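1. Sequence and predicted structure are below.
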Amino acid sequence: MHVELLFWAGCPSHEKALHELRAVLAEEGLDPREVVVQEVATESDAVTERFIGSPTVRVDGIEVQPAPNEPAGLTCRVYTRRDGRISPTPDPEDIRDLVRGSRAGARARAGARALAPGPGSGAAGGGSAAPGAGSGASGGGSAAPGAGSAAAGGGRAAPGAGSGASGGGSAAPGAGSGAAAAARGVR
């Protein structure tokens, strides 16, 4: 699992976000020292990293509370906590949901690889489809058994993920409509 915190030095909330992130990881049995902390120092870096504000927390490339319509830039980020309060840091429970979803997705992918037929069978575009994976996978995605409509465009869908994931995201079991729902910490 790759966990990262991106920050801009002009925003003071990244220390609190790092503390809360590490606490969640420790509670989940993961090593809190494994967080990759990266400063985003220039507007060019912000665009390259798709950094929409400080702090940004990502687990396996998926943001806590993604905001796809926000422009990249050096600014302070605002999050909405589950109780409705506005906060300069993400809700620890949203982080926990994303960590758990990523962990479940990793287990499902490992299981799908173990069940997948040999190369050249069951999928188009280089993807792999495990037996009973529904419609298979295309564009490099992989689908685990019972994944519903599978995955497209490099996404991965875990068992019971509903409509799967697209565009490179991953969906955990029961995530409903895919990666975006998993990243939002479906409530």
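-> That came through fine. Numbering: from 1, shown residues only.
2. need the strands for this protein, in chain order.
-> Along the chain, the segments classed as strands by DSSP state E run 3-7, 36-39, 56-59, 62-63, 79-80, 86-87, 128-129, 142-143, 156-157, 170-171.
3. what sits up against the longest one?
-> By that I understand strand 3-7. For strand 3-7, contacts defined as Cβ atoms under 8 Å, 6 or more residues apart in numbering pick out 14, 17-18, 21, 25, 30, 34-40, 49, 51, 54-59, 99. Heads up, the C-betas are built off the backbone N, CA and C, glycines and all.
4. and that strand, which residues are buried?
-> Residues of strand 3-7 classed as buried: 3, 4, 5, 6, 7 (neighbour count, 16 or more other Cβ atoms under 10 Å).
5. Please put the alpha-carbon coordinates of that strand into CSV.
-> Provided in CSV are the C-alpha atoms of strand 3-7 (Å, rounded to 0.1, in the frame of the first residue of the first chain):
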residue,chain,number,x,y,z
VAL,A,3,0.3,6.2,1.3
GLU,A,4,1.3,9.8,0.7
LEU,A,5,0.8,13.2,2.1
LEU,A,6,1.5,16.1,-0.3
PHE,A,7,1.7,19.6,1.2
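6. mean confidence for it?
-> Strand 3-7 carries an average pLDDT of 98.
7. Please apply the same query to the second one.
-> Averaging the model's pLDDT scores along strand 36-39 yields 98.
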